[in-house]
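Visitor: no sequence on this one, just coordinates:
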């Protein structure tokens, strides 16, 4: 009877919280404590976490989204599980703090404790994570730090067990999923047993004005002649991107058309763990005069405008930024028919698709598009021009403004619903 001390305390101080324990005589004892103001989530405070900030499609998209959300009124903090990486600089220039946890790969459990500490020191109203390791670490750290709104960004349709098992084990800690393409969303729901209404699709954008303003790089700077046919590959030299299959297809192209092969060059822009193996394959196949490993470059759009076509042979994908960028640059694309590639390329209209891993088919597609025929209709060049024009029209519907607006809307709805839940 009488006044309820717990409700009274909470009414007088809405920032209080209640804990209780049961005594040996089974009497409940309540303790009212006040959460320090500095450790309460602030409105519009967003922490974005990613595995690393080295150059890559997902990482560059992460930077675009972070800067865009900052400009829309979010107070953005960024956490990189590994080192800061080269992409930390544009974030810092935009006034976004970047904290590097300096952890290792997926087995480095120190990342959980270090991220927990960061989240407790600056509690966000929402945590948004990108890439598998950051997704898993972020969920566990958020649980420990008391962050209740957690959004996991699914960037690729990765079917490997080492990714799938921790995803399944921690899915109950996710408030909302956001996938980069419809195919990625469908695969992730199927593999992890996620209800479709828990995941939404937000497509990447592309910097159309920036690409329009880039000039073509002189081919001499790429070690090529003006009349060479340049096949361009852009991306990490890793198992996912399957660069070795491109070498195999290129060698098959030589067998199919030895005469025309003399003026064909294959250029790789990117780096990664398969670089030594790639160099060995180039040497073993005696392709040194035709294949160049150029490493990472900052002028990708300019190189695209000097190339003849782009090849992407990925084993799995999300929504490849490199395809969007090539389409914006007017560069025809040949890609493996996997995941988000099939959402960006209408085979025979905006580019060409081939079955993943089918190097003979890839070689024949390349021969079709690069065929050095003397016939007057010049069908190969006409096909390339048609693909480029159609793709350019298609890609005009993708922008970073649209992408960031969709993230902003989703995050504000999530923040509002969790603020209302916590207040009641």
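Guide: Arrived safely, thanks for sending. Bear in mind the structure is a predicted one, so any value in this text is a computation, not a measurement.
Visitor: measure the spatially closest residue to residue 55 that is not a sequence neighbour to residue 68 for me?
Guide: Using Cβ to Cβ, 6 or more residues apart in numbering and skipping the chain neighbours, the partner closest in space to residue 55 is residue 296 (5.4 Å). To be clear about C-beta, it is placed using only N, CA and C from the backbone, and glycine gets the same treatment. Distance check for residue 296 against residue 68: by Cβ to Cβ, to the nearest Å, it reads 24 Å.
Visitor: what does residue 369 give?
Guide: Counting by Cβ to Cβ, the gap from residue 369 to residue 68 is 36 Å.
Visitor: Same question for residue 142.
Guide: Noted for residue 142: a distance of 23 Å to residue 68, by Cβ to Cβ.
Visitor: neighbour-wise, which of the two wins?
Guide: The neighbour comparison of residue 142 against residue 68 (other Cβ atoms under 10 Å) goes to residue 142, with 26 against 20.
Visitor: What helix or strand is that one located in?
Guide: Secondary structure from DSSP states H and E places residue 142 in helix 132-145.
Visitor: List the strands paired with whichever helix or strand comes after that helix, with their directions.
Guide: Per DSSP H and E, helix 132-145 leads on to strand 150-154 as the next helix or strand towards the C-terminus. Its sheet considered, strand 150-154 pairs with strand 126-130 (parallel), strand 176-179 (parallel) by DSSP bridges.
Visitor: between the first one and helix 132-145, how many degrees?
Guide: Same thing as strand 126-130. Put simply, strand 126-130 runs at 160 degrees to helix 132-145, going by axes from the mean of the first three to the mean of the last three Cα atoms, to 10 degrees.
Visitor: what comes up buried for strand 126-130?
Guide: Using 16 or more other Cβ atoms under 10 Å as the test for burial, strand 126-130 gives 126-130.
Visitor: Double-check residue 141 against residue 109; I have them as touching.
Guide: No: between residue 141 and residue 109 there is no contact under Cβ atoms under 8 Å: 11.0 Å.
Visitor: Mind checking which of the two has more residues around it?
Guide: Neighbours were counted for residue 141 and for residue 109 using other Cβ under 10 Å; residue 141 has more, 28 against 12.
Visitor: tell me the contacts of the closest residue to that one other than its chain neighbours?
Guide: Of all residues not flanking residue 141 in the chain, residue 115 sits nearest, at 3.8 Å (Cβ to Cβ, 6+ apart). Residues near residue 115 by Cβ atoms under 8 Å, 6 or more residues apart in numbering: 49, 79, 81, 101, 137-138, 141.
Visitor: would you list those in JSON lines and tack on pLDDT and distance to residue 380?
Guide: Putting these into JSON lines (pLDDT from 0 to 100; distance: Cβ to Cβ, whole Å) gives the following:
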{"residue": "49", "pLDDT": "98", "distance to residue 380": "47"}
{"residue": "79", "pLDDT": "98", "distance to residue 380": "49"}
{"residue": "81", "pLDDT": "97", "distance to residue 380": "46"}
{"residue": "101", "pLDDT": "97", "distance to residue 380": "51"}
{"residue": "137", "pLDDT": "97", "distance to residue 380": "49"}
{"residue": "138", "pLDDT": "98", "distance to residue 380": "48"}
{"residue": "141", "pLDDT": "98", "distance to residue 380": "54"}
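Visitor: Identify the residues contacting the helix or strand where residue 276 lies?
Guide: Using DSSP H and E, residue 276 falls within helix 275-284. By Cβ under 8 Å, 6+ apart, the residues outside helix 275-284 that reach it are 237, 243-244, 247, 268, 288, 291, 293.
Visitor: Between which two of those is the distance greatest?
Guide: The distance between the two most remote of the contacts of helix 275-284 (Cβ to Cβ) is 17.0 Å, for 237 and 288.
Visitor: Looking at those two, which has the bigger crowd around it?
Guide: Using other Cβ under 10 Å, the more surrounded residue of residue 237 and residue 288 is residue 237, with 22 against 10.
Visitor: Compute the distance between that one and residue 106, please.
Guide: Residue 237 is 20 Å from residue 106, by Cβ to Cβ.
Visitor: Model confidence for the closest residue to residue 233 other than its chain neighbours, exactly?
Guide: Computed as Cβ to Cβ, 6+ apart, the closest residue to residue 233 that is not its neighbour in sequence is residue 268, at 4.9 Å. Predicted confidence (pLDDT) for residue 268: 98.
Visitor: Next, residue 268: secondary structure please.
Guide: strand (DSSP: H, G, I helix; E, B strand; the rest coil).
Visitor: thinking it is in contact with residue 294, fair?
Guide: Yes: under the contact definition of Cβ under 8 Å, residue 268 touches residue 294, with a separation of 6.4 Å.
Visitor: So for the two, which residue has more residues nearby?
Guide: residue 268 (24 against 17).
Visitor: If you rank every helix and strand of this protein by mean pLDDT, what lands last?
Guide: The weakest-scoring helix or strand in the chain, judged by mean pLDDT, DSSP states H and E, is helix 5-12 (a mean of 38).
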